[in-house]
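# got a predicted model here, sequence first, then my questions.
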Amino acid sequence: QVQLVESGGGLVQAGTSLRLSCAASEVTFSTVMMGWFRQAPGKEREFVAAISVSGRNTAYADAVKGRFTISKDNAKNLVYLQMNGLKPEDTAIYFCNVLQSWSSRQVVSHYWGQGTQVTVSS
């Protein structure tokens with residue numbers, strides 16, 4: 001049974017950084033595309049970043065481009081989201097998931113984990 005576990009969230013001040021991690025059982029990250037998503041209070045979950053199977057290609061939502069970096073550590077089977085220059089509008093629960101489609105950002109819906117809370121104070 002696949003389990004995705006996100007960690008690394010917290011309460012931080014605007015302008016600071018956090019690194020989120022995504023670990024998994026029964027999924028080898030070197031063989032799949034991965035994505036990070038977030039859900040702010042009262043809003044729908046939205047795409048944040050994606051990384052290809054090889055790790056050579058990445059994609060970002062316009063709101064985070066230039067501030068966030070997605071990466072993989074295949075040796076540790078982890079996916080990271082480095083978040084710099086955090087803003088209050090980045091406050092959300094952050095989730096990772098396996099991407100089924102690069103273009104549509106479709107994910108495996110039953111893989112969603114609990115996410116990790118990121119709160120950015122002004």
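Cool, the structure landed.
# and the residue nearest the centre of the chain, how close does it get to Q1?
Central residue of the chain (Cα atoms, centre = their mean): W36, 2.5 Å from the mean position. The gap separating W36 from Q1 is 22 Å, by Cβ to Cβ, to the nearest Å. For glycine as for every other residue, the C-beta is placed from the backbone atoms N, C-alpha and C.
# can you check A61 too?
For A61, the distance to Q1 - Cβ to Cβ - is 30 Å.
# neighbour count: those two, which is higher?
A61 (16 against 6; other Cβ atoms under 10 Å).
# next one: the more buried one from E89, what distance?
Between A61 and E89 the computed distance is 12 Å (Cβ to Cβ).
# ok, Q3 next?
In terms of Cβ to Cβ, Q3 sits 30 Å off from E89.
# quick check: buried residues in stretch 90-102?
D90, T91, A92, I93, Y94, F95, C96, N97, V98, L99 (16 or more other Cβ atoms under 10 Å).
# got the phi and psi for the first one?
Read it as D90. When quoted as degrees, to the nearest 10, the phi and psi of D90 stand at phi -80, psi -10.
# now do the contacts for the closest residue in space to it that isn't next to it in sequence.
Once flanking residues are discounted, D90 sits nearest to V120: 5.2 Å by Cβ to Cβ, 6 or more residues apart in numbering. When the contact criterion is Cβ atoms under 8 Å, 6 or more residues apart in numbering, the partners of V120 are V12, Q13, A14, L86, K87, P88, E89, D90, T91.
# no further queries at this time; thank you.
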